[in-house]
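build the 3D model from these lines:
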Amino acid sequence: MAVTLWLFGSAILSLMPQADAGAGSGAATAAGVFRSMLDRVVTGVTLPGAIAVVLIIAAAVINAQDVRRRDPVRRFTRQQRRSGMARAGGVCEMEAGFGRRCSRAAEHGDHFYPWSKGGSTSLQNFVAACSRCNRAKGARIPSPGQQMRLERRRQTYVPLDAAVAVGERQPLP
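Reported below is the predicted structural model:
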């Protein structure tokens, strides 16, 4: 949307009249006026268009790396689900707001790092989530701050000898 607005604004600005050094020397033909308008539009749109193409190519390369990184196993095993739900005490581990833990019952086992983005199907990447939090998170990669807050919250309800680390990604091949 922003790129479209930028392109539209560039086209409008390029059509605005500008002072020419050779202006006022005579009458202009219709073809000459249209040609100068087209030249201004092309000049105004070239840089934003090139930037948009570079961003699209970069996004495609990053997405291709995530596809190569995917864990061959997508679903958690029964044992992993049982262990992850027991670790969470059957309560959602996601944030409800202001860094607080959601208080709803956990219904889903979710990948902290999404499987589609290279998250591994392991107990370390397992997060117990209610359906609302699971849908809200979607396939977004959580921020490092969210990861740190979840690990801090886990210290309050996980036994001292158990691991509280969260998130694990598959290495690039």
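
who's in contact with stretch 78-85?
76, 106, 109, 121-123, 126-128 (C-beta atoms under 8 Å, 6 or more residues apart in numbering). Heads up, the C-betas are built off the backbone N, CA and C, glycines and all.

please repeat the previous calculation with a cut-off of 10 Å.
Contact partners of stretch 78-85, identified using C-beta atoms under 10 Å, 6 or more residues apart in numbering, comprise 75-77, 91, 93, 106-110, 121-128, 162.

number of residues surrounding the residue lying closest to residue 139 once chain neighbours are set aside?
Leaving aside its sequence neighbours, residue 139 sits nearest to residue 114 (C-beta to C-beta, 6 or more residues apart in numbering; 4.3 Å). By the measure other C-beta atoms under 10 Å, the count of residues near residue 114 is 18.

OK, contacts around residue 114?
Contacts for residue 114 (C-beta under 10 Å, 6+ apart) come out as 66, 125, 137-142, 169.

against residue 46, how distant is it?
According to C-beta to C-beta, to the nearest Å, residue 114 stands 37 Å off from residue 46.

what does residue 77 give?
For residue 77 relative to residue 46 (C-beta to C-beta), the value is 54 Å.

still on that earlier bit, any idea of the pLDDT on the residue nearest to residue 139?
Here the pLDDT value assigned to residue 114 is 92.

longest helix of this protein?
helix 30-69 (DSSP state H).

any idea of the mean pLDDT in that helix?
77.

other SSEs contacting it?
In terms of contacts (3 or more C-beta pairs under 10 Å, 6 or more residues apart in numbering; DSSP states H and E), helix 30-69 is packed against helix 2-15.

before we move on, back to that, and the contacts of stretch 78-85, which of them are buried?
Buried by 16 or more other C-beta atoms under 10 Å: 76, 93, 106, 109-110, 121, 123, 125-128, out of those.

show me the residues you listed that map onto strands.
109-110, 126-128 (DSSP state E).

and the residues you listed, which is closest to residue 71?
Comparing those against residue 71 with C-beta to C-beta picks out residue 126 as the nearest, at 12.4 Å.
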